[in-house]
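>>> just a sequence and a predicted model for now, questions to come.
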Amino acid sequence: MRPRTYLGGNLSGPHMRSLARRRFLSGLAATAGTLAVAPRSISAGRVQLGPVDAAPDDAYDALVKLANNENNYGPPESVIKAMTQAFKYANRYGYPDGDLRNVLAEHHAVKPEQILLAAGSGEILDVACSAFLQDSKKIVGADPSYSILYSHATGLKSDTIKIPLLADYRQDIPAMIRATRANYRDVGFVYLCNPNNPTGRLVTTQEVRQLLDGIPADVPVLIDEAYHHFVDDPSYSTSVPYVTEGRQVIIARTFSKIAALAGMRLGYAVANRDLLQSMRNHMTGSVNAVVRWGGVAALKDTASQQWVKTKTIELRTRAMRDLASLGNDTIPSDANFFMVHLKRPVQPVIEAFRKRGVLVGRPFPPMMEHLRVSVGTADDMQRFAAVFRELMA
Ligand SMILES: Cc1ncc(COP(=O)(O)O)c(C=O)c1O
């Protein structure tokens, strides 16, 4: 349950003149509006905020959101509480931040200088492009994969050497190695999304090693572990230890998925100092005070993460079994989404779902008959199943 009351900063300082106080309060009200709360009263020098009546987002709230691989449970109590308390730093440039970088370094058993914080792992991917695709360098990566990265590269006038997936939708590691070696001088970095979005298929520990050993040692490899926390397969492991080994790898992680903080924007990279230094030059420094504390709390709340993981796997397994019983194949997934083969063009089906209030994934060329479905709550999945039956009957 989200708390309905938020406590603001201490307003009783000697320099708080009444005009400044009014300005501060209206600013706080605007900020609070995004949290659907508004000032209610001031007591003992603190602002109490309560729910706003005008709720312009009812239509959005009513949608079943299975399009963006979000965490539909929302952040756990522990994280909401930490972020609520951190709101008192909303007016600061410098503030305690729960020591997030050190906490992450400890979590991964690396040095603090091997961690780079960002406004979502999307920012890490963007700055990797800006840093490593100078002089028309190219990305080598699977297709389809997290194509926003490839679009970003295109925006920088850079190309991607796209390696088609194998027949079982796994990434073709030997082909990635061949393409990297053949284009060695032109490759800015290799992108490995593990597990891959949109298929949900993982790259095994052994395959990651094969890739790293098979390409020239100085080609950076950006390993995107956005869905790491949902994997339950012993053939997979995180690639963070390669950082300690001194390899040219950058691991991208996010708090958007398992920790349900997509709207708050927090991600980070784990890599060696020189790689991070090249990337840091392109950062905006836009991680906010509130989510830093949310991140620290999320890392501590392993029970909540385990709960989300277990529930997601249970609901994913059930949904895929139900689809199989209707005659629709699904691709094995190790993430909080899966793909189902519709055996018909996906675009009209996506639109039909939308008309019925259910948002599902966009098309992922060249897989134009596959629908990507994020795993939501049990209620979300029931709505999805009901619409699927109606549309596919
Ligand atoms: C594979 C992958 N990487 C990165 C991201 C970016 O996530 P964020 O910027 O919210 O951390 C996403 C978001 O869906 C994703 O699927």
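That came through fine.

>>> show me where the stretch 51-200 of the chain has helices.
Using DSSP state H, counting those that start in this stretch, the helices of the stretch 51-200 of the chain run over 58-62, 77-86, 100-108, 121-132, 147-155, 173-182.

>>> out of those helices, which is the most enclosed?
helix 121-132 (a mean of 24; mean count of other C-beta atoms under 10 Å). For glycine as for every other residue, the C-beta is placed from the backbone atoms N, C-alpha and C.

>>> can you list the residues of the chain near the ligand?
Listed as neighbours of the ligand in the chain under the rule C-beta under 6 Å from any ligand atom: 69, 120-122, 146, 193, 197, 224, 226, 254, 256, 262, 267.

>>> contacts for stretch 369-385?
64-70, 72-73, 198, 312, 315-316, 318-319, 322, 331, 336-346, 349-350, 357-358, 360-362, 364 (C-beta atoms under 8 Å, 6 or more residues apart in numbering).

>>> any idea what the closest residue to residue 141 other than its chain neighbours is bridged to?
Nearest non-adjacent residue to residue 141, counting by C-beta to C-beta, 6 or more residues apart in numbering: residue 191, 3.6 Å away. In this entry, residue 191 is beta-bridged to residue 141, residue 222, by DSSP bridges.

>>> so residue 191 sits right up against residue 224, yeah?
Yes: with contact defined as C-beta atoms under 8 Å, residue 191 reaches residue 224; the gap is 6.9 Å.

>>> intersection of neighbour lists for those two?
146, 149.

>>> sorry, back to before: the contacts of stretch 369-385 in strands, which ones?
With DSSP state E as the criterion, strands contain 64, 65, 66, 337, 338, 339, 340, 341, 358, 360 from among those.

>>> in stretch 155-166, what's buried?
If you call a residue buried by 16 or more other C-beta atoms under 10 Å, then stretch 155-166 has these buried ones: 158, 159, 160, 161, 163, 165.

>>> with stretch 230-250 instead?
230-231, 236-240, 242-243, 247-250.

>>> stretch 355-372 now?
Buried, per 16+ other C-beta under 10 Å, within stretch 355-372: 358, 359, 360, 361, 363, 364, 367, 370, 371, 372.

>>> in PyMOL, how would I select just the buried ones from the contacts of stretch 369-385?
Selecting only the buried entries of those in PyMOL, with 16+ other C-beta under 10 Å as the criterion:
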select buried, resi 64+65+66+67+69+70+72+198+312+315+316+319+322+331+336+337+338+339+340+341+342+346+349+350+358+360+361+364
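
>>> okay, the helices of the stretch 51-200 of the chain in TSV with distance to residue 302 and mean pLDDT next?
Listed next are the helices of the stretch 51-200 of the chain as TSV, based on distance: least, C-beta to C-beta, whole Å; pLDDT from 0 to 100:
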stretch	distance to residue 302	mean pLDDT
helix 58-62	29	90
helix 77-86	10	98
helix 100-108	10	98
helix 121-132	20	97
helix 147-155	29	90
helix 173-182	31	98
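
>>> so which of those helices comes closest to residue 301?
Among the helices of the stretch 51-200 of the chain, the nearest to residue 301 by C-beta to C-beta is helix 77-86 (4.5 Å).

>>> now do the same for the residue lying closest to residue 99 once chain neighbours are set aside: helix, strand or coil?
Distances taken as C-beta to C-beta, 6+ apart put residue 296 closest to residue 99, at 7.2 Å, once the chain neighbours are dropped. For residue 296, the assignment made with DSSP: H, G, I helix; E, B strand; the rest coil gives helix.

>>> ok, now how distant is residue 296 from the ligand?
Residue 296 is 17 Å from the ligand, where distance means C-beta to the nearest ligand atom, to the nearest Å.

>>> what number of residues are in the vicinity of that residue?
Applying other C-beta atoms under 10 Å, we find 20 residues neighbouring residue 296.

>>> any idea how far residue 71 is from the residue nearest the centre of the chain?
Centroid-nearest residue in the chain: residue 256, 4.0 Å away (criterion: C-alpha atoms, centre = their mean). Using C-beta to C-beta, to the nearest Å, we find residue 256 at a distance of 8 Å from residue 71.

>>> find residues that contact each of those two.
In contact with both residue 256 and residue 71: residue 262, using C-beta under 8 Å, 6+ apart.

>>> re earlier: farthest-apart pair in the residues of the chain next to the ligand, please.
193 and 262 (17.1 Å).

>>> more neighbours: those two, which one.
It is residue 193, of residue 193 and residue 262, that has more neighbours when counted by other C-beta under 10 Å, with 27 against 19.
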